[in-house]
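**Q** any chance you can model this:
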Amino acid sequence: MDLKGKRVAIFVDQQYQEMEVWYPYYRLIEAGAEAEFVAAEAPKSYPSKTGYPCVSHRSYDAVRAADYDGVIVPGGFAPDFIRRHPASSRFIAELNAQGKLVAAICHGLWCLCSADVLRGKRCTSFFAIKDDVIHAGGQWEDSEVVIDGNVVSSRKPDDLPAFLKACMQVLAGR
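**A** Residues are numbered from 1 along each chain as shown. Prediction:
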């Protein structure tokens, strides 16, 4: 799939789940998209759950939804840190309002809860945050991947192939 000209933010913070950051990053680049790591501070190195570093390209305060085609929010414990920054929630909410890709996997849906974009949307997540997703208005289901308009969600690293295929389809306008 050709995604030349598409620009995607991948959120990152400490204790991120490695596969849920790096797999999307490299798949998007392979498809011709520009993928950037966005975090609270930039440039700054953020360690994964096992210590693997990821250096952010931009900060939440330095990005505008109008300049991106989508966002991917990984899991791990990073979403608990990401959603503490109002600018990250605003970015997600603005992308959603513009009908652009808003994707999250595993615990990443915590950020979609905080951005108030799940109301009335079908979605999935790691089972442990099912109640949070439901309380945020999401219609939770236990599926490998769920696409509801521009919102794409998955449960865990094993779902990454289906998750990225769905993200790329939304980015390509299919």
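
**Q** what mean pLDDT would you report for the strand or helix carrying Pro161?
**A** If you go by DSSP states H and E, Pro161 is part of helix 160-171. Averaged across helix 160-171, pLDDT comes to 98.

**Q** and the strands in the chain?
**A** Per DSSP state E, the chain carries strands over the ranges 7-11, 34-39, 45-47, 53-55, 58-59, 70-73, 101-105, 122-123, 139-140, 145-148, 151-154.

**Q** closest one to Ala87 among these?
**A** Closest approach to Ala87 among the strands of the chain is made by strand 58-59 (8.0 Å; C-beta to C-beta). Bear in mind the C-beta positions are built from the backbone N, C-alpha and C, glycine included.

**Q** what's the closest one packed up against?
**A** strand 34-39 (3 or more C-beta pairs under 8 Å, 6 or more residues apart in numbering; DSSP states H and E).

**Q** got the angle between the strand it packs on and strand 7-11?
**A** Interaxial angle, strand 34-39 versus strand 7-11 (axes from the mean of the first three to the mean of the last three C-alpha atoms, to 10 degrees): 30 degrees.

**Q** what pairs with strand 34-39, parallel or antiparallel?
**A** Sheet pairing of strand 34-39 (DSSP bridges) gives strand 7-11 (parallel), strand 58-59 (parallel).

**Q** next, the angle strand 101-105 makes with the longest one.
**A** Meaning strand 7-11. 30 degrees.

**Q** re the thing from before, mean neighbour count, the strands of the chain: which tops it?
**A** Most buried of these by mean neighbour count (mean count of other C-beta atoms under 10 Å) is strand 101-105; its value is a mean of 30.

**Q** related to what we said a few turns ago, okay, buried residues for the helix holding Pro161 please.
**A** Buried residues in helix 160-171, defined by neighbour count with 16 or more other C-beta atoms under 10 Å: Leu160, Ala162, Phe163, Leu164, Ala166, Cys167, Met168, Val170, Leu171.

**Q** done for today, thanks.
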